[in-house]
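**Student:** give me a model of this one.
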Amino acid sequence: MSAPLRLRLDTQALIDNWRTLDRMSGTAACGAAVKANGYGLGAIEVAERLAGAGCRDFFVANWAEAQALAPIGLPVSVLHGVRAEDMPAALSGFARPVLNTAQQVARWKAAGGGACDVMIDTGMNRLGLSVDELDLLAGLQIETLMSHLACADEDSPMNERQRVAFAVLAGRTGARRMSLANSAGIALGSDYHFDLTRPGLALYGGVPRSEFKGTVRQVVAPEAQLLQRRRVAAGATVGYGATWCADQHAEVAIINLGYADGYFRSFSDRGSACFGSTMLPVIGRVSMDLVALDVSAAATLGEGDWIAIDFGLPEASAQSGMSEYELLTSLSARFARYWG
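**Tutor:** Reported below is the predicted structural model:
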């Protein structure tokens, strides 16, 4: 049974974005963050396409996400480390843990674990061992020593402080590679690239820094099916709270989309869609499953037609007040996903 919501996903844009980031990474290898189900687009589908383009390093948040990727046999690192209950999966070898705490290091050593990655905190104060705990790493087979930039999407002096704090760790842990830069970090320049970059948002067409404008392309295009077209008389209202009132007779379309699908209430009276070249403004409140559009300018639009939702990530972020990350990762499972 077909769904009344769909995402059109652009394989070539995804591949071209990765190749752009790979070039920007210079001599460093360029990996791919495919956590949160490939930022909402489908982790397996994203990973397979990027692997075909030459990507050899993939990153997920937890072991359930790693397990989902296991059938395609790609090199995967699990960013949130390894809990006691994760050990059977971790020791089976289909992914590497990124060790974040002294307890995780001890757990991995006690189990005779093999290759691992390690996260070092250089100032973000989120995940990672402190620099003072480097001695705990003796005896580990470290593939990649990582840290994470807190302010890479801004021109902040913290970026350079973190880079320096990380650079001085070179050669102190026996790690084969060092990795610091996320998408925005790649744009900070070659000093931030080290041996491996770990882009996420920019792979999918997000613009974390101005350097990416016109450089990466949107991968996802949401569409929704029209459920009903109706005429609304002047003075009548539409939707919850009666927040929109027609100042003249209006043609209104109700589409199968709402905040349960990741189209947030903050798009109320701000978002838009299009039918061909005709712009259709969102009117009234976005509800859980339904959105109303003013379609007075689209005389031929009727029940069952598909409408493209305006979802350019920087623009949609500005309209809704939600980050580009939130917009992507909130796209619900109710969307059918079609790769082209």
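**Student:** and the chain, what are its domains?
**Tutor:** By the assignment in automatic domain parsing, the chain contains the domains 11-207, 220-311.
**Student:** from the chain's centre, how far out does the first one sit?
**Tutor:** The one in question is domain 11-207. Offset of domain 11-207 from its chain centre (Cα atoms, centre = their mean, to the nearest Å): 14 Å.
**Student:** tell me the average confidence for that domain?
**Tutor:** The average pLDDT for domain 11-207 rounds to 98.
**Student:** about what we covered before: how about the domains of the chain in CSV, adding distance to R337?
**Tutor:** Where C-beta positions appear, they are placed from N, C-alpha and C, glycine not excepted. Output for the domains of the chain, formatted as CSV (distance: least, Cβ to Cβ, whole Å):
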stretch, distance to R337
domain 11-207, 6
domain 220-311, 9
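**Student:** looking at those domains, which is nearest to R334?
**Tutor:** With Cβ to Cβ as the criterion, R334 lies closest to domain 220-311 of the domains of the chain, at 5.5 Å.
**Student:** what about N125, which helix or strand?
**Tutor:** Assigned by DSSP states H and E, N125 belongs to no helix or strand.
**Student:** what's around it, how many residues?
**Tutor:** Applying other Cβ atoms under 10 Å, we find 9 other residues in the vicinity of N125.
**Student:** out of the domains of the chain, which comes closest to S323?
**Tutor:** domain 11-207 (9.0 Å).
**Student:** list the buried residues in the longest strand along the chain.
**Tutor:** When the chain is parsed with DSSP state E, its longest strand is strand 220-232. The neighbour-count check on strand 220-232 (16 or more other Cβ atoms under 10 Å) flags V220, A221, P222, E223, A224, Q225, L226, R229, V232 as buried.
**Student:** got JSON lines for those residues, with distance to A111 and pLDDT too?
**Tutor:** Output for these, formatted as JSON lines (distance: Cβ to Cβ, whole Å; pLDDT from 0 to 100):
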{"residue": "V220", "distance to A111": "40", "pLDDT": "98"}
{"residue": "A221", "distance to A111": "45", "pLDDT": "98"}
{"residue": "P222", "distance to A111": "44", "pLDDT": "98"}
{"residue": "E223", "distance to A111": "48", "pLDDT": "98"}
{"residue": "A224", "distance to A111": "49", "pLDDT": "98"}
{"residue": "Q225", "distance to A111": "51", "pLDDT": "97"}
{"residue": "L226", "distance to A111": "56", "pLDDT": "98"}
{"residue": "R229", "distance to A111": "62", "pLDDT": "98"}
{"residue": "V232", "distance to A111": "65", "pLDDT": "97"}
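**Student:** how about TSV for those residues, with distance to V105 added?
**Tutor:** Shown next, in TSV, are the buried residues of strand 220-232 (distance: Cβ to Cβ, whole Å):
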residue	distance to V105
V220	38
A221	44
P222	43
E223	48
A224	48
Q225	52
L226	56
R229	62
V232	64
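**Student:** ok, so of those residues, who is nearest V282?
**Tutor:** Nearest to V282 among those: A224, at 11.4 Å, using Cβ to Cβ.
**Student:** report the central residue of this protein.
**Tutor:** Closest residue to the average C-alpha location of the chain: Y39 at 3.3 Å, with Cα atoms, centre = their mean.
**Student:** any idea how far that residue is from R209?
**Tutor:** As judged by Cβ to Cβ, to the nearest Å, Y39 and R209 stand 17 Å apart.
**Student:** and for T278?
**Tutor:** 33 Å.
**Student:** same check, this time on L21
**Tutor:** L21 sits 12 Å away from R209, going by Cβ to Cβ.
**Student:** quick one, which of the two is more surrounded?
**Tutor:** L21 (25 against 17).
**Student:** the helix or strand harbouring the more buried one vs strand 220-232, what angle?
**Tutor:** Element membership of L21, judged by DSSP H and E, is helix 11-24. Angle of helix 11-24 versus strand 220-232, following axes from the mean of the first three to the mean of the last three Cα atoms, to 10 degrees, is 140 degrees.
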